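Student: Only the shape, not the letters, is given here:
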């Protein structure tokens with residue numbers, strides 16, 4: 001399955017997918033976010049396109065950390081269109097994200113998922129991700 005970098009013309013489809021993920025977003029806001037992300041080194045926004053339609057997306061963030069010589073990767077906002085789930089699209093997005101992380105020399109890639117997303121948890125486990133608990137967040 002071809003996975004490519006997002007383009008400005010993808011913003012409406014990405015906004016729709018983010019809504020399906022539970023993060024309603026206006027296309028103009030998505031366009032601004034994509035531009036901001038892509039202006040920073042190590043950030044990637046990926047889309048899966050089938051028959052001219054964007055049917056999945058995800059982002060990869062590569063960052064250097066103080067506790068390791070190699071960088072760290074985070075996979076974020078992975079979503080596949082509700083009517084196309086179960087077709088291997090999510091797996092293809094994750095595999096492309098992992099390739100980006102490997103090419104960047106990352107020592108690990110992480111993905112976070114809300115407690116309520118049991119199906120997503122099973123998906124990540126099938127792909128070889130192991131759950132590690134205890135993540136603390138504070139809204140600013």
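Tutor: Structure's in. What do you need? What you see is a predicted model, and the numbers here were worked out from it, not measured in a lab.
Student: tell me which residues in stretch 28-44 are buried?
Tutor: 30-31, 33-34, 37, 42-44 (16 or more other CB atoms under 10 Å). Where you see a C-beta, it was placed from the backbone N, CA and C, and this is true even at glycine.
Student: Also stretch 12-19?
Tutor: 13-18.
Student: So which residues of this protein form strands?
Tutor: 3-5, 43-50, 53-63, 72-80, 108-111 (DSSP state E).
Student: Show me the one of those strands that comes nearest residue 23.
Tutor: Closest approach to residue 23 among the strands of the chain is made by strand 72-80 (7.4 Å; CB to CB).
Student: any idea of the angle that closest one forms with strand 53-63?
Tutor: Angle, strand 72-80 to strand 53-63, by axes from the mean of the first three to the mean of the last three CA atoms, to 10 degrees: 170 degrees.
Student: average pLDDT for strand 72-80?
Tutor: Averaging pLDDT along strand 72-80 gives 95.
Student: Then stretch 39-51?
Tutor: 95.
Student: Tabulate the buried residues of stretch 28-44 (a markdown table), appending distance to residue 105.
Tutor: Formatted as a markdown table, those follow (distance: CB to CB, whole Å):
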| residue | distance to residue 105 |
| --- | --- |
| 30 | 30 |
| 31 | 31 |
| 33 | 26 |
| 34 | 25 |
| 37 | 20 |
| 42 | 11 |
| 43 | 16 |
| 44 | 15 |
